[in-house]
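here is a sequence with its predicted model. Questions after.
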Amino acid sequence: METAATALTFRDATEVDVDALVALIESAYRGDDSRAGWTTEADILEGQRTDPEGVLEVIKSPDSRLLTVERDGRIVACCQLKHEGENAYFGMFAVSPRLQGAGLGKVIIAEAERQARESWGVREMQMTVISVRDDLIAWYERRGYRRTGRMTPFPYGDERFGVPQRDDLQFELLVKELAQP
């Protein structure tokens with residue numbers, strides 16, 4: 001019986017992966033392809049979600065990793081882990097839209113938390129989520145994350161983050177204490 005974790009390979013991204021990772025991230029969040037999954041931002045943001053320079057910056061940063069997830073030799077998901085003292089930041093999370101809803105995200109976030117805890121000894125995972133993304137925030141809450149009410153402004157006018165389709169976007173900080181082994 002195949003499960004969400006069946007035959008997944010986790011590894012750090014390399015420069016060779018940049019184009020495939022940009023395509024994956026874009027497909028999970030923007031445009032018509034993203035509508036096949038439930039994580040789409042297509043109704044609130046147009047334009048790009050990331051670009052090759054942004055992905056390469058994460059790959060090359062000494063405090064950051066871009067965890068890449070493969071199944072059958074194909075990149076199917078990724079997430080950024082960034083070491084920030086006693087905390088880790090979780091971002092750039094993308095699962096192929098056609099594979100969403102089958103439990104893959106749960107497996108990946110659990111592995112990301114495990115790796116951040118074991119690699120860096122961090123006590124807390126943090127992330128920012130667009131505050132109007134109620135379904136996504138609820139999904140993270142079911143994984144043990146809690147809303148903090150701490151908001152940061154959306155970078156209106158910086159098209160590297162997309163073209164907003166509404167004027168009430170902001171990021172909320174979500175946090176989760178990581179159990180020590």
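It's in. Numbering: from 1, shown residues only.

what distance do you get for the closest residue to residue 35 other than its chain neighbours to residue 78?
Of all residues not flanking residue 35 in the chain, residue 42 sits nearest, at 6.2 Å (Cβ to Cβ, 6 or more residues apart in numbering). Yep, even glycine has a C-beta here, placed from its N, CA and C like the rest. The spacing between residue 42 and residue 78, counted by Cβ to Cβ, to the nearest Å, is 19 Å.

neighbour-wise, which of those two wins?
Neighbours were counted for residue 42 and for residue 78 using other Cβ atoms under 10 Å; residue 78 has more, 27 against 15.

which residues belonging to the helix or strand harbouring the more buried one are considered buried?
Using DSSP states H and E, residue 78 sits within strand 74-84. For strand 74-84, the neighbour count (16 or more other Cβ atoms under 10 Å) marks 75-83 as buried.

tell me where the chain has helices.
Counting by DSSP state H, the chain has helices at residues 18-29, 31-34, 52-60, 104-120, 134-142.

any idea how far the longest one is from the middle of the chain?
Helix 104-120 has its C-alpha centroid displaced from the chain centroid by 12 Å (Cα atoms, centre = their mean, to the nearest Å).
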